[in-house]
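J.: kindly generate the corresponding structure for this input.
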Amino acid sequence: MKSKLFGRYELCHKLATGGMAELFLAIQRGRSGFLRAVVIKRLFRHLADEARVLQLFKNEALLLGSLDHPGLPQVYEFGAAEGQWYMAMEHVRGHSVAQVLEASAEAGIFIPLPVACAIVIQAADALGYAHQFRNPRSGIAEVVHRDVTPDNLMVTETGHIKVLDFGVAQTAEGTGTHSGVVTGTYAYMPPEQVHGRKLDHRVDVYALGVILYELATNSRLFMGTDLEVMTAVVEREVPPPSARRPEIPAALQDIIMRTLEKERMRRLAGASELALGLETLALNAGWLLGSHVIRDHLRVISSKLSRSTEFDLPHMDIGTALSAGRDVELLSSHGALEHFDDDSMLEDIRMLAEPLGGAEVGPQGGQALEFGPDALSGDLGEARAGEGSARPRSARGGAPKPSK
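T.: Residues are numbered from 1 along each chain as shown. All right, here's what the predicted structure looks like:
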């Protein structure tokens, strides 16, 4: 797609389309040559008046804005522009665990067990933090992701793991869907989730167990249609991982099987316990688990990891921009030709001092964020009212195909 402006962001490429929102790779430009790649998650316009959907969208932004862990994506801004709600999030360069699994299979090799453990340890550490997070205002949160899948785990170029997509996350404060509603991906659901029962953090432990099983054996736990997988999750016994890869140590198999217990009271107690168990196993086995082992495996399968699926930021230096047909006036309006003089830097400082996203400022200077759909509808009305005053601009630019 040709890049186009959305609010103060330049949308370069559509990455994915979901049930209620679409993702774009975008560029945030500032004065004095500031440039940053972001991901814009934009709620579909026709859903803006549906209170429940809008509430879920805002809950995700507020939740991720509160969490602070290197394994979780940052949210830079939440607001409305041109009549649509959006959040600007951290741009993660790399590949999903699903793509790593597929590339390893195409290369005809098993993923080294230390790599499998290193991936799950990082993901479990991030989820363990989220599970134990306490909201500084209410004192509670009890976050449950509910949709931990290989597609929602990103492996960065530096060998680190990011847990993505908290769009259906559940918290103790009443966010998320209600009991009786099945939400998530069937292949990674424990029996209680398939049955639509009340969930706790052990649903994420089970999902991590399925992912660890797949990484260790390079095969799906249960295959078939959604109905066949759901039936297998509830009724079939889990085949031992060593039946599919004989060299799997008994200690690793024991951990995997404990995460996949159908009765959640018999499952590993939490994601942090899973991470600790894998670290202890690696220590006893003499395995190295640093990010470098993940990077080493990415290099081994690099020829099978399609370049077209990487998150790449187009080079936006002046030379590239001019060769792509951008005129000087457009570049100047984006700040690409500005000088680092004292006056412009002082203006930048004044801009940074202003609150972002048009959020209301409370009595103590903090941002007053309301959860109510009525407040959201009012904000959106203001955004729509201001649509006509914005002068549309366009720009050209390219971006490669997305990786979820």
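J.: going on from whichever strand or helix holds residue 211, what's the next piece of helix or strand?
T.: According to DSSP states H and E, residue 211 maps onto helix 202-217. Per DSSP H and E, the first helix or strand lying C-terminal to helix 202-217 is helix 226-235.
J.: about what we covered before: could I get the helix holding residue 211 in CSV with only the CA atoms?
T.: Written as CSV, here are the backbone C-alpha positions of helix 202-217 (Å, rounded to 0.1, in the frame of the first residue of the first chain):
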residue,chain,number,x,y,z
ARG,A,202,-3.0,-21.7,34.9
VAL,A,203,-4.7,-21.4,31.5
ASP,A,204,-1.6,-19.6,30.3
VAL,A,205,0.6,-22.2,31.9
TYR,A,206,-1.2,-24.9,29.9
ALA,A,207,-0.7,-22.9,26.6
LEU,A,208,3.0,-22.5,27.3
GLY,A,209,3.1,-26.3,27.9
VAL,A,210,1.6,-26.9,24.5
ILE,A,211,4.1,-24.5,22.9
LEU,A,212,7.0,-26.2,24.7
TYR,A,213,5.7,-29.5,23.5
GLU,A,214,5.7,-28.2,19.9
LEU,A,215,9.1,-26.7,20.1
ALA,A,216,10.6,-29.9,21.6
THR,A,217,9.0,-32.2,19.1
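J.: for it, packing partners?
T.: In terms of contacts (3 or more C-beta pairs under 8 Å, 6 or more residues apart in numbering; DSSP states H and E), helix 202-217 is packed against helix 97-106, helix 113-132, helix 250-259, helix 271-285. In this view, the C-beta of every residue, glycine as well, is placed from N, C-alpha and C.
J.: the helix or strand just after the second one pairs with which strands?
T.: Spelled out, it's helix 113-132. Sequence order places strand 153-156 as the next helix or strand after helix 113-132, per DSSP H and E. Applying DSSP bridges, strand 153-156 is found paired with strand 94-96 (antiparallel), strand 161-163 (antiparallel).
J.: residue 148: neighbour count?
T.: 28 (other C-beta atoms under 10 Å).
J.: next one: the one 10 residues further on
T.: If you count neighbours by other C-beta under 10 Å, residue 158 ends up with 12.
J.: read off the pLDDT value for it.
T.: Looking at residue 158, its pLDDT stands at 94.
J.: name the element it belongs to?
T.: Assigned by DSSP H and E, residue 158 falls outside every helix and strand.
J.: wait, it touches residue 291, no?
T.: Yes: using C-beta atoms under 8 Å, residue 158 is in contact with residue 291, at 6.1 Å.
J.: sketch out the low-pLDDT regions of this protein for me.
T.: Low-confidence segments of the chain, defined by pLDDT under 70: 1, 136-141, 167-184, 307-404.
J.: one more pass at 80, please.
T.: 1-3, 135-142, 166-184, 306-404 (pLDDT under 80).
J.: distance check, residue 269 against residue 189.
T.: Distance of residue 269 to residue 189, computed by C-beta to C-beta, to the nearest Å: 19 Å.
J.: same question for residue 42.
T.: Distance from residue 42 to residue 189, counting by C-beta to C-beta: 28 Å.
J.: so residue 64 makes contact with residue 72?
T.: Yes: if you go by C-beta under 8 Å, residue 64 and residue 72 touch, sitting 6.8 Å apart.
J.: any chance of the strands paired with strand 153-156 in JSON lines, plus mean neighbour count and distance to residue 240?
T.: Compiled in JSON lines, the strands paired with strand 153-156 are given as follows (neighbours: other C-beta atoms under 10 Å; distance: least, C-beta to C-beta, whole Å):
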{"stretch": "strand 94-96", "mean neighbour count": "22", "distance to residue 240": "27"}
{"stretch": "strand 161-163", "mean neighbour count": "24", "distance to residue 240": "26"}
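J.: so which of the ones you listed comes closest to residue 76?
T.: Among these, strand 161-163 comes nearest to residue 76, with 15.0 Å by C-beta to C-beta.
J.: what comes into contact with that closest one?
T.: 71-73, 92, 94, 97, 119, 122-123, 126-127, 130, 145, 148, 152-156, 294 (C-beta atoms under 8 Å, 6 or more residues apart in numbering).
J.: now the closest residue to residue 201 other than its chain neighbours: how far from residue 51?
T.: Leaving aside its chain neighbours, residue 201 sits nearest to residue 131 (4.2 Å; criterion: C-beta to C-beta, 6 or more residues apart in numbering). Distance from residue 131 to residue 51, counting by C-beta to C-beta: 28 Å.
J.: who has more neighbours, these two?
T.: In terms of neighbours (other C-beta under 10 Å), residue 131 is the more surrounded of residue 131 and residue 51; the figures are 21 against 12.
J.: residues contacting residue 268?
T.: Shown in contact with residue 268 (C-beta under 8 Å, 6+ apart): 202, 205, 209, 255, 258, 259, 274, 277.
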